[in-house]
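Student: requesting a structural model of the entry that follows:
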Amino acid sequence: PQFSRIGGFLFYMVKFNRNQKGSNCGILVLKCLNVGFSMSAVPDASSGLEAALANANRLLTVDPRLAEEQTAEILKAIPNQPNALILQALANGRMNQWQASVDLLRKLTILQPKWAAAFMELGLALRQVGLGNQAVIALKRSLFLKPDVPKAWLALADLHAAMGDTKAADAAYSMQLKYA
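Tutor: Purely as a prediction, here's the structure:
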């Protein structure tokens, strides 16, 4: 197997699927060994966590179910890995499993309280489950952390408009244009 060291862990790839055309379409299955020694030479990291996350990200648009499976494998090896959590939440959303997405994103925002993208995605997911007021709070938190994200301003503006608050919607649309 191919090995990759990340932090205090050594990963090795045990399965990788290819489709009939030879394209990478499957799941990188990673096994994790906790190692307490340093390695003098680090093998190519493309077989490790970075490749698995990149694969999950690519699968997100092609097959969210496979992206969710990919992130589940990553999370087995590294529980609470932030990038895997957000990708899994996005995959759940693409499969219309919005409550599962909300649950993962709430967990992620507790683990990563300064990650604006996590709060933005939480706001978008909360809106999908009908929790508009909580969505506003999450989107505002995202914008407090990183105010120069037009997508977050637009989501907040659209949410305010849908909730009938035209004054707040207009202000958010103005900010969206400012950062567009």
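Student: OK, contacts around the residue most central in space within the chain?
Tutor: Computing the C-alpha centroid of the chain and ranking residues by C-alpha atoms, centre = their mean puts I86 first, at 2.0 Å. Contacts were defined as C-beta atoms under 8 Å, 6 or more residues apart in numbering; by that measure I86 touches 104-105, 108, 117-118, 121. Glycine gets a C-beta too; all of them are placed from N, C-alpha and C.
Student: for S174, see how far away it is.
Tutor: Distance of I86 to S174, given as C-beta to C-beta, to the nearest Å: 28 Å.
Student: same thing with A152?
Tutor: Using C-beta to C-beta, one obtains 14 Å as the distance from A152 to S174.
Student: just F144 next, same as before
Tutor: Using C-beta to C-beta, one gets 17 Å for the distance from F144 to S174.
Student: returning to that earlier point: what's the most distant pair in the contacts of I86?
Tutor: L104 and A117 (13.3 Å; C-beta to C-beta).
Student: who's more crowded, the two?
Tutor: Relative neighbour count places L104 above the other of L104 and A117, with 27 against 17, counting by other C-beta atoms under 10 Å.
Student: out of A152 and S174, which sits in the more crowded spot?
Tutor: Taking A152 and S174 together and counting by other C-beta under 10 Å, A152 has the greater number of neighbours (29 against 11).
Student: distance from the helix or strand containing the more buried one to the middle of the chain?
Tutor: Using DSSP states H and E, the secondary-structure element containing A152 is helix 150-162. Using C-alpha atoms, centre = their mean, to the nearest Å, the distance from the centre of helix 150-162 to the centre of the chain it belongs to is 20 Å.
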